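K.L.:
Could you look at this predicted model? Sequence included:
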Amino acid sequence: MTASPPITLALVGIGTGNPEHLTLQAIRVLNSVDLILIPRKGTAKADLAELRREICARVVTNPAVRIAEFDLPLRDAAHEDYRAGVDDWHDAIAAIWAERIAAELGSSGRVALLVWGDPSLYDSTLRIAGRVALSLPLAVEVVPGITSLQALTAAHAIPLNEIGAPVVVTTGRRLRDEGWPISAQSVAVMLDGECSFQALEPAGLSIWWGAYVGMAEELTLAGPLEEMAAQIIETRRAARARHGWIMDIYILRRSA
């Protein structure tokens, strides 16, 4: 029988930052680890680290659990090759994770990272963990969380799909470059910093948009795209200016 690696990295889905989104499994795992690492993403996104601290303060009751913070590198948004730029960024993050785990934990133990939403949906944490496992004897454990997509449909009280109809989950970049996905009646768009619905012909489309869904700052707008587009763009701009960051997502649906 092969022995388990001496270090376990638990990737704990935390939903959209609302402590009430944590599952009982997530709370149990956070109280079972030796160390929780909290990334800092600069002053503009200080709220994100503070939300992680708040979650730990509310649910971690085991006094043996240590919490340590570290600074994340920034992605080179000007890189001429988007994919290569992301790969370089992930390599840099993995190197920092490995260094902090080794420094804080030593050669064995359990460490946790709090992941927005769920690690499986448009999140790179699992890929970065795979890179860390190349330099440390690491086993990865995943605790699923509520995704922003689930939080959005809950906020608007709508189903994700029409009866028997397909749904495509995509990114703003692909929506801009490729247009409406063939055969889809509903399209969920994530990672969109450009309000990419502007690239579509709005007639016959409805939109359900949300920012900070599930959080105290939640904003939601919905209606025919041709009527709502300008209001969403302005609401998003103002919210980002106010908070210094924004997490938003939307669903587009063609009329039947």
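P.N.:
Right, received. Where do you want to start?

K.L.:
can you list contacts of stretch 228-237?
P.N.:
195, 197-198, 202, 207, 209, 211, 219, 221-222, 246, 248, 250 (CB atoms under 8 Å, 6 or more residues apart in numbering). All C-beta spots, glycine's among them, are computed from the backbone N, C-alpha and C.

K.L.:
quick one: Ala239 and Ala77, what's the gap?
P.N.:
As judged by CB to CB, to the nearest Å, Ala239 and Ala77 stand 21 Å apart.

K.L.:
Settle it for me: which of these two has more neighbours?
P.N.:
Ala239 (17 against 9; other CB atoms under 10 Å).

K.L.:
Flag the shaky bits of this protein, pLDDT-wise.
P.N.:
1-3, 42-46, 256 (pLDDT under 70).

K.L.:
Domains in it, by residue range?
P.N.:
The chain breaks down into these domains under automatic domain parsing: 7-143, 148-254.

K.L.:
elements contacting the helix or strand harbouring Ser206?
P.N.:
Per DSSP states H and E: Ser206 is located in strand 205-211. Under the contact definition 3 or more CB pairs under 8 Å, 6 or more residues apart in numbering; DSSP states H and E, strand 205-211 sits against helix 148-156, strand 219-224, helix 225-243, strand 248-254.

K.L.:
Give me the contacts around the second one.
P.N.:
Residues outside strand 219-224 that contact it (CB under 8 Å, 6+ apart) are 155-156, 202, 205-213, 228, 231-232, 235, 239.

K.L.:
Those, buried ones only, as a PyMOL selection?
P.N.:
Filtering the contacts of strand 219-224 down to the buried ones (16 or more other CB atoms under 10 Å) takes a single PyMOL command:
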select buried, resi 155+156+202+205+206+207+208+209+210+211+212+213+228+232+235+239
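
K.L.:
Please name the residues that touch Ala77.
P.N.:
Gly85.

K.L.:
One more: Leu175?
P.N.:
Contacts of Leu175 (CB under 8 Å, 6+ apart): Val187, Val189, Asp192, Ser196, Phe197, Ala199, Leu200.

K.L.:
which among those gets closest to Ser120?
P.N.:
Val189 (17.7 Å; CB to CB).

K.L.:
and the closest one, that one's in a strand?
P.N.:
Yes - counting by DSSP: H, G, I helix; E, B strand; the rest coil, Val189 is part of a strand.

K.L.:
That one against Leu252, yeah?
P.N.:
Yes - applying CB atoms under 8 Å, one finds Val189 in contact with Leu252, separated by 6.8 Å.

K.L.:
Spit out the residues that contact the two alike.
P.N.:
The contact lists of Val189 and Leu252 share Phe197, where a contact means CB under 8 Å, 6+ apart.

K.L.:
Helix or strand: which one has Ala103?
P.N.:
Using DSSP H and E, Ala103 falls in helix 82-105.

K.L.:
Apologies, that question was intended for Ser135.
P.N.:
Per DSSP H and E, there is no helix or strand for Ser135.
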